[in-house]
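>>> Fold the following, please.
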Amino acid sequence: MISRGELVQIGGGFRIGEILESAGARLREVGATNKTTVADYARALGPQTGFILKVHRSNFFMSGFVASPDPNDLATLARKKRIPFVHDLGSGAMFDTRNEGLEEHEPTPAEAIKEGADLICFSGDKLFGGPQAGIIAGKKRLVDALKREPMFRALRCDKLVLAGLQATVDLHLTTSETKLPTRALLRITKDELRARAAAMLVRLRGLPLQITVGRGSGNVGGGSLAQSVIPSLTLDIVPEASSVRDFAAKLRAFSPPIIAYIAGGAVKLDLRTIFPSQDDIVVDAIREASADATTTSR
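Presented below is the predicted three-dimensional model:
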């Protein structure tokens, strides 16, 4: 059982409803696209109801005349009817995203369990910060039942993914989140970005390039915090001896590739997407691309 407003499509064109139906489930949609109540679920419950599923809309948002039930209320209804309540969280945030300067609060696995979910599922990558994987947690009897499913062996993670997950979990448990790339990039302040940009400009003087520091913004990711926009700073590069497209192509051809985007007639490098330890590599790539462009133009 699922709300019509939560029949989302995830990456690669996969849709929640189609995934459930391909597994042999009969899908019972309740409520309307924009408004679903606990009463909608209660009226639709029957002897064949397997579980109530709530899908967090982490990759899009709706505003206006909208409403959806509180997870606590759905958990209470599920307990009363003795059926599982499953909450798909999506992004896997293990921390209060508002503490990172973001406007949205992304529900955490701990909060979902406390609200009464019998099973939760979330990504091992995205805000969790580990390798790409799906994580299921919750009541032992339900997790054990999933492990007995024959398809589990075909879908289980390999040792490399498990090792990556273990390392990520250890960082969360030892409060070393700053070592997680996603968390580290979210925490970079504008003052830090400004200082890095100034240092890079000094090192790039004298090249046949017009380089300025611009304002940028970015999204946390396609699968989480759909409304949150993070301010950033960019290096805006206009080459004097080649087109911006050719210059961007030369950056991509560098080893390792430097991926920029083109906007407003300039090649733009968003410093929030570059680790401070990579600044030297970026400077070297710009120097080489500039030299290649000058040689080619002559």
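
>>> List of residues touching stretch 134-148?
Applying C-beta atoms under 8 Å, 6 or more residues apart in numbering, the contact partners of stretch 134-148 are 84, 92, 109, 113, 117-124, 128, 152, 165. In this view, the C-beta of every residue, glycine as well, is placed from N, C-alpha and C.

>>> same question but for stretch 154-168, I mixed them up
Gly124, Phe128, Gly129, Gly130, Pro131, Gln132, Ala133, Ile135, Leu180.

>>> give me that answer again for 6 Å
With contacts defined as C-beta atoms under 6 Å, 6 or more residues apart in numbering, stretch 154-168 is touched by Gly124, Gly129, Gly130, Pro131, Ala133.

>>> Am I right that the second one is in contact with Ala184?
No. Taking contacts as C-beta atoms under 6 Å, Gly129 lies outside contact range of Ala184: 9.2 Å.

>>> of the two, who's got more company?
Gly129 (21 against 14; other C-beta atoms under 10 Å).

>>> For the residue nearest to that one when sequence neighbours are not counted, give me the pLDDT.
Excluding the flanking residues, the one nearest Gly129 by C-beta to C-beta, 6 or more residues apart in numbering is Leu180, at 3.8 Å. Residue-level confidence at Leu180 comes out at 84, pLDDT.

>>> what's the burial count for Leu180?
Neighbours of Leu180 under the rule other C-beta under 10 Å: 20.

>>> quick one, helices of the stretch 151-298 of the chain?
Along the stretch 151-298 of the chain, the stretches classed as helices by DSSP state H, counting those that start in this stretch are 151-155, 159-173, 181-187, 190-203, 244-252, 279-297.

>>> meant to ask about the stretch 1-150 of the chain
Using DSSP H, counting those that start in this stretch, helices in the stretch 1-150 of the chain cover 16-22, 38-44, 71-81, 109-114, 140-147.

>>> Figure out which of the ones you listed is closest to Asp246.
Of all the helices of the stretch 1-150 of the chain, it is helix 16-22 that lies closest to Asp246, at 43.1 Å by C-beta to C-beta.

>>> Just the CA trace of that closest one, in PDB.
What follows is helix 16-22 as a C-alpha-only set of coordinates in PDB (Å, rounded to 0.1, in the frame of the first residue of the first chain):
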ATOM      1  CA  ILE A  16       8.700   2.400  -7.400                       C
ATOM      2  CA  GLY A  17       5.400   1.000  -8.600                       C
ATOM      3  CA  GLU A  18       6.900  -1.000 -11.400                       C
ATOM      4  CA  ILE A  19       9.700  -2.400  -9.100                       C
ATOM      5  CA  LEU A  20       7.000  -3.600  -6.600                       C
ATOM      6  CA  GLU A  21       4.900  -5.200  -9.300                       C
ATOM      7  CA  SER A  22       7.900  -6.900 -10.900                       C
END
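
>>> Residues contacting that helix, please?
Under the contact criterion C-beta under 6 Å, 6+ apart, helix 16-22 has outside partners Leu7, Val8, Leu27, Val55.

>>> Could you pull out the buried residues of that helix?
Buried residues in helix 16-22, counted by 16 or more other C-beta atoms under 10 Å: Ile16, Gly17, Leu20.

>>> What confidence value was assigned to the first one?
If you check Ile16, the pLDDT there is 87.

>>> From Ala112, how far out is it?
To Ala112, Ile16 is 17 Å away according to C-beta to C-beta, to the nearest Å.

>>> what does the last one give?
Note on Leu20: its distance to Ala112, by C-beta to C-beta, is 19 Å.

>>> next one: Leu89
According to C-beta to C-beta, Leu89 stands 6 Å off from Ala112.

>>> Could you tell me which residues touch both of the two?
Common neighbours of Leu89 and Ala112 are listed as Ile120 (criterion: C-beta under 6 Å, 6+ apart).

>>> can you pull the buried residues of stretch 160-178?
In terms of neighbour count (16+ other C-beta under 10 Å), stretch 160-178 has its buried residues at Gly164, Leu165, Thr168, Leu171, His172, Glu177.

>>> can you check stretch 96-114 too?
Going by neighbour count (16+ other C-beta under 10 Å), the buried part of stretch 96-114 is Thr97, Glu100, Leu102, Glu106, Pro107, Thr108, Pro109, Glu111, Ala112, Ile113.

>>> Can you tell me which of those comes closest to Val220?
Among the buried residues of stretch 96-114, Leu102 lies closest to Val220 (C-beta to C-beta), at 7.1 Å.
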